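Undergrad: quick one: sequence plus predicted model below, questions after.
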Amino acid sequence: FQSMHASYYHKAHACIMVFDVQRKVTYKNLNNWYKELREFRPEIPCIVVANKIDADMKMTQKSFNFARKFSLPFYFVSAADGTNVVKLFNDAIKLAVTYKQNSGDFMDEVMQELESFDLEKRSENLSDQEESCPEEKPPSS
Ligand SMILES: Nc1nc2c(ncn2[C@@H]2O[C@H](COP(=O)(O)OP(=O)(O)OP(=O)(O)O)[C@@H](O)[C@H]2O)c(=O)[nH]1
């Protein structure tokens, strides 16, 4: 398990955690990834994905308890044949948008304040420029 740079978590509104059903270590590592995620983004929606089910269909009969333990949505996916890929991303996007609109996440609120502050400043600058434009003088005859 290698941790990710903090910038990957910055302003994230959802997370998809993928493991490989053919490599048990990737499932075990979910614990570490999830712990790290929650240090940076305590509240964002997180989806757990078991990938490569095309390579081993009987894995879909197994119960993977990690998602249940943390009450996270769980999908069996195959990136190779496309099973559940569109559904996964649609659901992730919906969760992200809902989170962004409703979250009381402190950092999100700070970011929203900064963004609107920035816009206000920009429109002030624009009107400053308008005002500072010298009035056109009538041509002197
Ligand atoms: N059979 C099968 N193979 C897959 C699937 N998804 C990815 N692979 C294969 O798994 C290997 C690793 O895929 P990557 O996309 O590199 O996965 P990654 O997590 O970015 O891996 P790293 O680059 O090692 O971090 C490649 O050979 C892919 O072709 C899948 O759904 N089914």
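TA: Alright, I've got the coordinates.
Undergrad: thought Val18 was touching Asn51?
TA: Yes - applying Cβ atoms under 8 Å as the test, Val18 and Asn51 come out as touching, 5.1 Å apart. No exception for glycine: its C-beta is placed from N, CA and C like everyone else's.
Undergrad: which residues do these two both contact?
TA: Val77 (Cβ atoms under 8 Å, 6 or more residues apart in numbering).
Undergrad: what residues does the protein have near the ligand?
TA: Counting by Cβ under 6 Å from any ligand atom, the residues of the chain close to the ligand are Asn51, Lys52, Asp54, Ala55, Ser78, Ala79, Ala80.
Undergrad: can I assume the fifth one is in contact with Ala50?
TA: Read that as Ser78. No - the pair Ser78 and Ala50 fails to qualify as a contact (Cβ under 8 Å) at a distance of 9.6 Å.
Undergrad: between these two, who's got more neighbours?
TA: Counted by other Cβ atoms under 10 Å, Ser78 and Ala50 do not tie: Ala50 has more neighbours, with 23 against 17.
Undergrad: need the strands for this structure, in chain order.
TA: Counting by DSSP state E, the chain has strands at residues 15-20, 46-51, 74-76.
Undergrad: can you redo these as TSV with distance to Asn102?
TA: Shown next, in TSV, are the strands of the chain (distance: least, Cβ to Cβ, whole Å):
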stretch	distance to Asn102
strand 15-20	17
strand 46-51	16
strand 74-76	23
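Undergrad: let's have the ones you listed in CSV, adding mean pLDDT and distance to Phe117.
TA: Shown next, in CSV, are these (pLDDT from 0 to 100; distance: least, Cβ to Cβ, whole Å):
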stretch, mean pLDDT, distance to Phe117
strand 15-20, 98, 28
strand 46-51, 98, 30
strand 74-76, 98, 39
